[in-house]
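>>> Here's a sequence, model it:
(2 chains)
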Amino acid sequence: MNPEPQDAQGPLIYLNNAATTWPKPSEVLEEVAQCLRQPLHEPGRTTGNGSMDYPTAAREALGAFFHADPPEHYVFTQNATDSLNLLIHGFVKKTGTPFHTITTELEHNSVLRPLTALEQDGAIRLSVVPFAGTRVNLTAIKKAICRDTRLVVMTHGSNVLGSVQDIKPIAEYLHANDIFFIVDGAQTAGHIPIDLSDIPVGAFVFTGHKALFGIPGIGGFFIAEPDAIAITRQGGTGTDSRTLAHPFEMPMRFEAGTHNYPGIASLYAGIQFIASTGQEAIEKKNRDLTRYFIRELKNIRGITIYNENPDLPVVSFNIDGIENHEAGFILARAYNVTTRTGLHCAPLVHECIDGGKGCIRASFSYFNTRDECSAAAKAICEVAESADTQVSSD
Amino acid sequence: MKEYVLDEPLTEGFLKFLENFGTVRFLEQLRKPYFSFEKEQFISIRGFIGDSNVEVRYKKEFQDLVADYFHLLLYYYDQGDSGISTLQGQEESIREKIQIRSSPIPGNST
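Numbering: from 1, shown residues only, chains lettered A, B, ... in the order given. Take a look at the predicted model:
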């Protein structure tokens, strides 16, 4: 393992799992190594026998995991941001004429920035729906809908508040009204059971490197209605090479070039790990750790917690008398506790909860322990108690 | 942002010296005593007493003017009390350049 985490401050306590889970299950690391030990099996391209067809295996695993078929409708990308860009720009290109789009204040910049860029180009008009408490509800979405609303892009789980959005009624309403619904599942995929056979989304975006335990650089999406999205990238697919037009078949329609095989292998192994460990067991452990950590924080004077009942293992807070980036620096350097500070790429949420100053986020995974939560809370307590003790002059 | 590795660990004496030039925040009751130094328009520094590593951030707009300021602090700290007034003098000249750059250019408004 990395020698750096074991320094004078004690072992690393990694609480930045909402960004990237660490450590990865040993099964994932082994699968990546195994993938690289043998020549790649590239479907459609000249290939030897004996290698595993990771893309096909992973698509089938994803189909079983999200309960939605066919496997060919799972498209691999680099990450959730890449997926969202492909889907949003592809939808706009397909639609052709300017139209109205809805998103929410809970979004990550992976949604806000592509939409803002399109708004600035005059391709869309954009409404940003506020959240109430920690959630956006159907009523708020309905209120924002115009005659020419064609697209709604919304997060499934807030990366700041840890709240899971009730997307089913929203999806049903939008589906009934012929409005394409893209759900950003970056924070939920792997953390909670997701049954896409029961939720009529247009597309559901996931990333591999968070709760699906894959390595960075692999993500993807499930697309229920591929025809809604124009092709925005073209290239080699290993099929129909004589034709200069990019193939229309799924999943090549949205995939060009050599796949990220180690990434796909890690995603495949991550899903297998969740299946063998049990989604419920993972969810329960994360919930217990989160509740325990929040209980510990609530005993500390001068801590503001922005959601005391998160659905996801995400706890966002600030400490009175000290900027979040300073507190994060101290936790990392003096206590070896890794958190994530600042705006978490979700500026609109922070405008609402902390005036746009940002906060400290601790996020857990299945591999964290109660002892780690306890040690991190103790460190936070020491920072909070020290925040008033200062010598200043100018 | 730059992270420097110093020859010697940072001391409380250096913090006392910094107090002559900006705002020092010192949280001494932590596992490692933390400090930050803020000098508006110049730089901010943060680190721990007893550590040899220190993080220095420059103001982007004036980075070329203040890039040496941290080195000046280290150099004049070694000079003792006389270093304080000498550095304050040098600081004035940097500040003047910052002010010139910050001022609107006459006749350039539309």
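>>> and residue 15, how many residues sit next to it?
Using chain A here. By other CB atoms under 10 Å in any protein chain shown, the residues close to A:L15 number 26. (C-beta placed from N, C-alpha, C; glycine too.)
>>> The intended chain is chain B.
B:L15 sits with 18 neighbouring residues when counted by other CB under 10 Å.
>>> Just give me how far whichever strand or helix holds it sits from the chain centre.
With secondary structure defined by DSSP states H and E, B:L15 is part of helix B:12-18. Mean-position distance between helix B:12-18 and its chain equals 12 Å (CA atoms, centre = their mean, to the nearest Å).
>>> now do stretch A:315-332
23 Å.
>>> swap in stretch A:82-91?
Worked out by CA atoms, centre = their mean, stretch A:82-91 lies 15 Å from the chain centre.
>>> Run the contact check for the lengthiest helix in chain B versus chain A.
Longest helix in chain B, counting residues (DSSP state H): helix B:81-102. No: using CB under 8 Å from any CB of the partner chain, helix B:81-102 never reaches chain A; the gap is at least 13.1 Å.
>>> can you map out the helices along chain B?
Using DSSP H, the helices assigned to chain B run over residues B:12-18, B:63-66, B:69-77, B:81-102.
>>> Before we move on, what's the pLDDT of residue 4?
Using chain A. Predicted confidence (pLDDT) for A:E4: 48.
>>> wrong one, chain B
B:Y4 is assigned a pLDDT of 95 by the prediction.
>>> how far away is the nearest residue to it once chain neighbours are set aside from chain A?
Closest residue in space to B:Y4, ignoring its immediate chain neighbours: B:V54 at 5.2 Å, by CB to CB, 6 or more residues apart in numbering or on different chains. Going from B:V54 to chain A by CB to the nearest CB, to the nearest Å gives 11 Å.
>>> pretty sure B:V54 contacts B:L10?
Yes: assessed by CB atoms under 8 Å, B:V54 is found in contact with B:L10 at 6.4 Å.
>>> Identify the contacts common to those two.
B:G47 (CB atoms under 8 Å, 6 or more residues apart in numbering or on different chains).
>>> The closest residue to A:I229 other than its chain neighbours: what's it in contact with?
Distance criterion CB to CB, 6+ apart; nearest residue to A:I229, sequence neighbours excluded, is A:G90 at 3.7 Å. By CB under 8 Å, 6+ apart, the contact set of A:G90 is A:I229, A:A230, A:I231, A:T232, A:F254.
>>> Could you export those residues as CSV, including neighbour count and distance to A:Q34?
Below are the contacts of A:G90 laid out as CSV (neighbours: other CB atoms under 10 Å in any protein chain shown; distance: CB to CB, whole Å):
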residue, neighbour count, distance to A:Q34
A:I229, 26, 33
A:A230, 15, 37
A:I231, 18, 33
A:T232, 18, 33
A:F254, 23, 27
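>>> quick one: which two of these are the most distant?
Pairwise distances across these peak at 10.0 Å for A:A230 and A:F254 (criterion: CB to CB).
>>> Can you give me the distance of A:T339 to A:A64?
Counting by CB to CB, to the nearest Å, the gap from A:T339 to A:A64 is 34 Å.
>>> For the closest residue to B:F70 other than its chain neighbours, name its beta-bridge partners.
The shortest distance from B:F70 to any residue other than its chain neighbours is 5.0 Å, reached at B:V56 (CB to CB, 6+ apart). Per DSSP bridges, the residues bridged to B:V56 are B:K2, B:I45.
>>> Next: A:D184.
Beta bridges link A:D184 to A:T155, A:V205, judged by DSSP bridges.
>>> Show me where chain A has its helices.
According to DSSP H, the helices that chain A contains are A:26-37, A:54-66, A:80-95, A:109-120, A:138-144, A:167-176, A:261-277, A:279-298, A:324-335, A:347-354, A:370-386.
>>> As a markdown table, the ones you listed with mean pLDDT would be great.
Formatted as a markdown table, the helices of chain A follow (pLDDT from 0 to 100):
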| stretch | mean pLDDT |
| --- | --- |
| helix A:26-37 | 97 |
| helix A:54-66 | 97 |
| helix A:80-95 | 98 |
| helix A:109-120 | 98 |
| helix A:138-144 | 98 |
| helix A:167-176 | 98 |
| helix A:261-277 | 98 |
| helix A:279-298 | 98 |
| helix A:324-335 | 97 |
| helix A:347-354 | 98 |
| helix A:370-386 | 97 |
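>>> got JSON lines for those helices, with distance to A:P11 too?
Below are the helices of chain A laid out as JSON lines (distance: least, CB to CB, whole Å):
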{"stretch": "helix A:26-37", "distance to A:P11": "18"}
{"stretch": "helix A:54-66", "distance to A:P11": "32"}
{"stretch": "helix A:80-95", "distance to A:P11": "30"}
{"stretch": "helix A:109-120", "distance to A:P11": "32"}
{"stretch": "helix A:138-144", "distance to A:P11": "44"}
{"stretch": "helix A:167-176", "distance to A:P11": "38"}
{"stretch": "helix A:261-277", "distance to A:P11": "23"}
{"stretch": "helix A:279-298", "distance to A:P11": "17"}
{"stretch": "helix A:324-335", "distance to A:P11": "11"}
{"stretch": "helix A:347-354", "distance to A:P11": "31"}
{"stretch": "helix A:370-386", "distance to A:P11": "9"}
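>>> Who are the contact partners of the closest residue to A:V164 other than its chain neighbours?
Counting by CB to CB, 6+ apart, A:V164 lies nearest to A:D311, which is 4.0 Å off, once chain neighbours are set aside. Residues in contact with A:D311, defined by CB under 8 Å, 6+ apart, are A:G157, A:G162, A:S163, A:V164, A:I192.
>>> Same question for A:S51.
Counting by CB under 8 Å, 6+ apart, A:S51 touches A:Q38, A:P39, A:L40, A:H41.
>>> pLDDT value on A:S393, please?
On the pLDDT scale, A:S393 gets 35.
>>> which stretches of chain B aren't confidently modelled?
B:105-110 (pLDDT under 70).
>>> Enumerate the residues of it near chain A.
Counting by CB under 8 Å from any CB, the residues of chain B that sit close to chain A are B:15, B:19, B:22-32, B:34, B:36, B:46, B:48, B:51, B:55.
>>> same thing but 7 Å
Residues of chain B found near chain A (CB under 7 Å from any CB of the partner chain) are B:19, B:22-32, B:34, B:36, B:46, B:48.
>>> from the residues you listed, which two are the most distant?
Farthest apart among the residues of chain B next to chain A by CB to CB are B:G22 and B:R31. That separation is 25.4 Å.
>>> who does A:L151 bridge with?
Assigned bridge partners for A:L151, using DSSP bridges, are A:T101, A:F180.
>>> more neighbours, A:T339 and A:A64?
Shown here are A:T339 and A:A64; by other CB under 10 Å, A:T339 has more neighbours (25 against 12).
>>> Correct me if wrong: that one contacts A:R361.
Yes: with contact defined as CB atoms under 7 Å, A:T339 reaches A:R361; the gap is 6.1 Å.
>>> just for the stretch 101-250 of chain A, where's the confidence low?
For the stretch 101-250 of chain A (pLDDT under 70), the answer is none.
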